[in-house]
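**Q** Here is my input, please return the structure:
(2 chains)
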Amino acid sequence: MVKVDEALWQRRWKEARLFSVSDHPPQEAKTYYVLEMFPYPSGRIHMGHVRNYTLGDVVARYKRAQGFTVLHPMGWDAFGLPAENAARDRGVHPATWTRENIAAMRTELQSLGLSIDWEREFATCDPEYYGRQQDLFIDMFEHGLVDRRESAVNWDPVDQTVLANEQVIDGRGWRSGALVEQKRLSQWFLRISAYAPALLAGLNNLPRWPERVRLMQEAWIGRSEGAEIQLALDTPIQDHRAITIYTTRADTLYGMSFVALAVDHPLSAACAISDPAVAAFLADCRRLGTSEAAIGSAEKRGIDTGLQIRHPLIPGRTVPVWIANFVLMDYGSGAIFGCPAHDQRDLEFARLTDLPVLRVVRSDTGEDAPIGSVAYTGPGTMMNSGSADGLSSDEARARIVDLLIEQGIARRVVNWRLRDWGISRQRYWGCPIPIIHCTSCGAQPVPRHDLPVLLPDDVSFDLPGNPLDRHPTWGVVPCPRCGRTARRETDTFDTFVDSAWYFARFCAPRASQPIDREAATRWLPVDQYVGGIEHAILHLLYARFFTHALRDLGRLDVSEPFSGLFTQGMVTHETYRTGGGQWVYPDDVDRSPEGARLRATGEELQIGRVEKMSKSKCNVIAPSAIISRYGADTARWFVLSDNPPERDMEWTENGAHGCSRFLQRIVRLCEEISGRKIDTGSTGHECGPVQRSLLRAQNRTIASVTEALEHFAFNVAIARIHEFVNTLADAAQAGEPGLNTALHAAVNVLCRLICPMVPHVAEHIHSALCPASDRLVAEMPWPVADASWLIVDRVTVAIQVMGKLRGTIEVPVDAPAEIVLETALREPTVARAVGDRSILKKIYVPRRVLNLVVQE
RNA sequence: GCGGGCGUGGUGGAAUGGUAGACGCGCCGGACUCAAAAUCCGGUUCUGGCAACAGAGUGUCGGUUCAAGUCCGACCGCCCGCACCA
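**A** Residues are numbered from 1 along each chain as shown, chains lettered A, B, ... in the order given. Got it, this is the predicted structure:
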């Protein structure tokens, strides 16, 4: 086995500072910014990292070979809960734990041979970073983008912290998996909702994003056009004279059979004062809370308040007001009107409570029967709707809203589903929120000359909750305005804030300002961002928001952070269990086509589903083990070659082994060729057939690999390289004058083509080919195909009879149709298929196919 | 329920509407070896046939076309996202 000295080449690249770029590249340089989502420093890299960073590295190396000045940085998303858990469980300080993990992971990442500018590295827990984040926050504070308010929050009882809506998945905390509870707390918010229109519109400027990510964000932002209508109460209660409802279906107003209030609606509370049954109902709903409601399909429940509103279009008609558990307080106005015939939810509620169901829209197919158990939600023609009868539902919607506007009881509004971003976390290991609370002056931002607000080191984790709260002195500071004793904010930022602007900091990581505007303008937006689909909403939306906001604050000149986005699939592996149900690591398994056995005991194992690699199922393969056994290039080659990168890939021992074998084969073949003498002085002879076909293959490969890399089709690029190596190996068997020169040239091209994928192997074979050269493949230009070798003189044409393949013939490329037909008919299988039937039609697609249509 | 995506050999997958299964993995056979590993050569969609060849074949059914894995319609299955958003 040939050993490629990967560390040697990594050293050479580093010494040559090949991957270092300036914050301010010269004007004439073509720049390209490649970024992969930076990792959380858990201590070890996993296969997902290998895939992620290899994909990005291929792009970075490819673009560099094409003459771009490539920015390809790396850093650490270093704040977060696991560090505190380690502190609590093992008594290590979060900072120590994090620094040690970073050091270990950096070593592992560097062993992959990534073309990263390590001089730009930073961690979000560096005061140089988070202090500048505080600076940006104060900018936002001063521009009204920060808000403090008491709100019902999602409380994670395990992590003892507040979660954003986005961080609650199926009613559970995204990290702990614990059922989320409702709590009321004073929280800091970033007003992302103010940017809802811009964030929605901006999606149209992101053609190089996956369609589905844009759709997910669009749905999350959730624009809705409708109307707010004031419905007058028949009898005012306390100060309430009317109920404001929000609707997108004003056309169905004639079918209204109830109004429903959210449990938390102020009017609900007003009713509860005089009505014990309502009070009990409200208490009941609150007790269930969202936690339980979110788990499954909570039953629809409601209670009649006894209140009535006057129908705005039908004089004398009143409609009952209910309180219902399915009405959301924080969307629209917290109250709705119900038209059961044309809304499924309203229908279910009406059936439950025996409220009337009146059809007011006839479907376009003329259906006007009474509604059963399925509401009709489509468009149609109005019926049972007074003066609106006969109008289309679209016309009626506009007409009715106009009418109500004239009456002064309605206005058109646009509603958004996107809520403000709650960023307060009751944790220690995060960026302190730079605010001072003064009993007389209120919440004051920390003066900029006092930044950064550093985390204190002397904290303890032996009690639950936030250690910053318990610190004896850290929180005590003078009020920046009046000088009296005040208290620091002890909450820290959600760590998604840290990752919302790191890509901008990378442009000039040592700048005194948070963002060097000139450098950022030069490099941003990121040309190619690579990461997991799991960040489709959270991280990517926050980063977009920050970029829009920072532009408005004069910190940036771009609106969108990432012009190209690629979302890679997961790395999966088979799972194994013992008869007792214990998960077993693949390392401890002997796997054969017959089945799997525990290596230590020979016990037969159950082979489970192929699942995402995870420690809990033990189906993980440590990249370090693969690298030390086969080398980084084998790992890189495998994650690229297995399948298209956007899909989930399955890691298999066989696959990795096969990749290693192929790389070995390349090395052996190229070393053998390199050892041959170049035939000097015999240049006069004609280029033989072997050389010609080699040259054709070589140039075709350059063209097809280039094309594949442009489209992220790395598996196809690798298939083309396989084909080329097969051709090269065949050619090396032949004997022909001048062949060795051609073989050498082919190896030279090969090492440049594989360099983005397997850079160490590329350098190794190049150094064997040109031992005297001190040039590195990593700094060599991308090969360009010689167009003259892409031209073929003869082509294989498929011959079809009645669309069925009957044979293939070889003809000159420019052969006229008649010649092709003649040649085709001389082919026995074609002649037999045609028989004595006459040819009605001939379709000749030059260079590809001839289809003969014959009489039946 | 709504939105999006995907169904191709034993397997991962390839294929601007123009020779389906490139390339790899696995498997089978052979060479080398005392043997194993490594390496090399050959075969490998299914059915029939010694073969030449013929028939079938890209989830199912239908359509457009000289020609459909690819385009259109309906259905089945799987995956992902969202979901009382009024």
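
**Q** Export the longest strand anywhere in chain A to PDB, keeping only CA atoms.
**A** Secondary structure of chain A per DSSP state E: the longest strand is strand A:223-237. Presented in PDB, the C-alpha positions along strand A:223-237 are these (Å, rounded to 0.1, in the frame of the first residue of the first chain):
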ATOM      1  CA  ARG A 223     -48.200  37.200   4.700                       C
ATOM      2  CA  SER A 224     -51.900  37.400   4.600                       C
ATOM      3  CA  GLU A 225     -54.200  40.100   3.200                       C
ATOM      4  CA  GLY A 226     -57.500  40.700   4.800                       C
ATOM      5  CA  ALA A 227     -59.600  43.100   6.700                       C
ATOM      6  CA  GLU A 228     -60.200  44.100  10.300                       C
ATOM      7  CA  ILE A 229     -63.900  44.600  11.100                       C
ATOM      8  CA  GLN A 230     -65.400  46.200  14.200                       C
ATOM      9  CA  LEU A 231     -68.500  44.300  15.300                       C
ATOM     10  CA  ALA A 232     -70.600  46.400  17.600                       C
ATOM     11  CA  LEU A 233     -71.700  44.700  20.800                       C
ATOM     12  CA  ASP A 234     -75.500  44.600  21.300                       C
ATOM     13  CA  THR A 235     -74.900  45.500  25.000                       C
ATOM     14  CA  PRO A 236     -71.600  47.000  25.900                       C
ATOM     15  CA  ILE A 237     -69.700  45.300  28.700                       C
END
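
**Q** That one packs against which elements?
**A** When contacts are defined as 3 or more C-beta pairs under 8 Å, 6 or more residues apart in numbering; DSSP states H and E, strand A:223-237 sits against helix A:196-202, strand A:240-247, helix A:266-274, strand A:302-310, strand A:318-324, helix A:393-406, strand A:410-416. For the C-beta atoms, the positions are set from N, CA and C on the backbone; glycine is no exception.

**Q** could I get these as a markdown table with distance to A:D527, mean pLDDT and mean neighbour count?
**A** Below are the helices and strands packed on strand A:223-237 laid out as a markdown table (distance: least, C-beta to C-beta, whole Å; pLDDT from 0 to 100; neighbours: other C-beta atoms under 10 Å):
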| stretch | distance to A:D527 | mean pLDDT | mean neighbour count |
| --- | --- | --- | --- |
| helix A:196-202 | 17 | 93 | 17 |
| strand A:240-247 | 42 | 93 | 18 |
| helix A:266-274 | 51 | 91 | 18 |
| strand A:302-310 | 54 | 92 | 20 |
| strand A:318-324 | 50 | 94 | 22 |
| helix A:393-406 | 43 | 93 | 18 |
| strand A:410-416 | 30 | 92 | 15 |
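
**Q** RNA strand B is nearest to which of those?
**A** strand A:240-247 (3.6 Å; C-beta to the nearest atom of the strand).

**Q** Averaged pLDDT, the host helix or strand of A:F337. What do you get?
**A** A:F337 is part of strand A:335-338, with elements assigned from DSSP states H and E. Taken as a whole, strand A:335-338 has an average pLDDT of 94.

**Q** same deal with stretch A:500-517?
**A** 97.

**Q** Would you mark the buried spots in it?
**A** A:500-509, A:511, A:514-517 (16 or more other C-beta atoms under 10 Å).

**Q** So which of these belong to helices?
**A** A:Y502, A:F503, A:A504, A:R505, A:R517 (DSSP state H).

**Q** If you count contacts, what does the strand holding A:F337 end up packed against?
**A** strand A:240-247, strand A:258-261, helix A:344-353.

**Q** Distance to RNA strand B added to the ones you listed, as CSV?
**A** Shown next, in CSV, are the helices and strands packed on strand A:335-338 (distance: least, C-beta to the nearest atom of the strand, whole Å):
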stretch, distance to RNA strand B
strand A:240-247, 4
strand A:258-261, 8
helix A:344-353, 5
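
**Q** So which of these is nearest A:W322?
**A** A:W322 lies closest to strand A:258-261 among the helices and strands packed on strand A:335-338, at 4.9 Å (C-beta to C-beta).

**Q** Quick check: neighbours of that closest one in the sheet, parallel or antiparallel?
**A** Neighbouring strands of strand A:258-261 in its sheet, by DSSP bridges, are strand A:318-324 (parallel), strand A:335-338 (antiparallel).

**Q** Compile the helices and strands packed on strand A:335-338 into JSON lines and extend it with columns for distance to A:A152.
**A** JSON lines is the format used below for these (distance: least, C-beta to C-beta, whole Å):
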{"stretch": "strand A:240-247", "distance to A:A152": "20"}
{"stretch": "strand A:258-261", "distance to A:A152": "17"}
{"stretch": "helix A:344-353", "distance to A:A152": "22"}
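
**Q** ok so, going back, how about the strand holding A:F337 against RNA strand B, any contact?
**A** Yes. Using C-beta under 7 Å from any atom of the strand, strand A:335-338 reaches RNA strand B at A:I336.

**Q** Also stretch A:281-288?
**A** No. Using C-beta under 7 Å from any atom of the strand, stretch A:281-288 stays clear of RNA strand B, with a minimum separation of 9.8 Å.

**Q** distance between that stretch and the chain's centre?
**A** 38 Å (C-alpha atoms, centre = their mean, to the nearest Å).

**Q** In it, which residues are buried?
**A** A:F281, A:L282, A:C285.

**Q** Looking at these, which are in helices?
**A** A:F281, A:L282, A:C285.

**Q** So which of those sits lowest on pLDDT?
**A** A:C285 (80).

**Q** Surely it is in contact with A:V263?
**A** Yes. A:C285 lies in contact with A:V263 (C-beta atoms under 8 Å); the separation is 4.6 Å.

**Q** Show me the common contact partners of these two, please.
**A** A:N325 (C-beta atoms under 8 Å, 6 or more residues apart in numbering).

**Q** hang on, the earlier thing: from the buried residues of stretch A:500-517, pick the one nearest A:P561.
**A** Looking across these and measuring by C-beta to C-beta, the closest to A:P561 is A:F503, at 5.7 Å.

**Q** where does the stretch 651-800 of chain A dip in pLDDT?
**A** A:680-686 (pLDDT under 70).

**Q** let's go with 90 and repeat that
**A** Residue ranges of the stretch 651-800 of chain A with pLDDT under 90: A:653-654, A:676-693, A:733-739, A:774, A:787-796.
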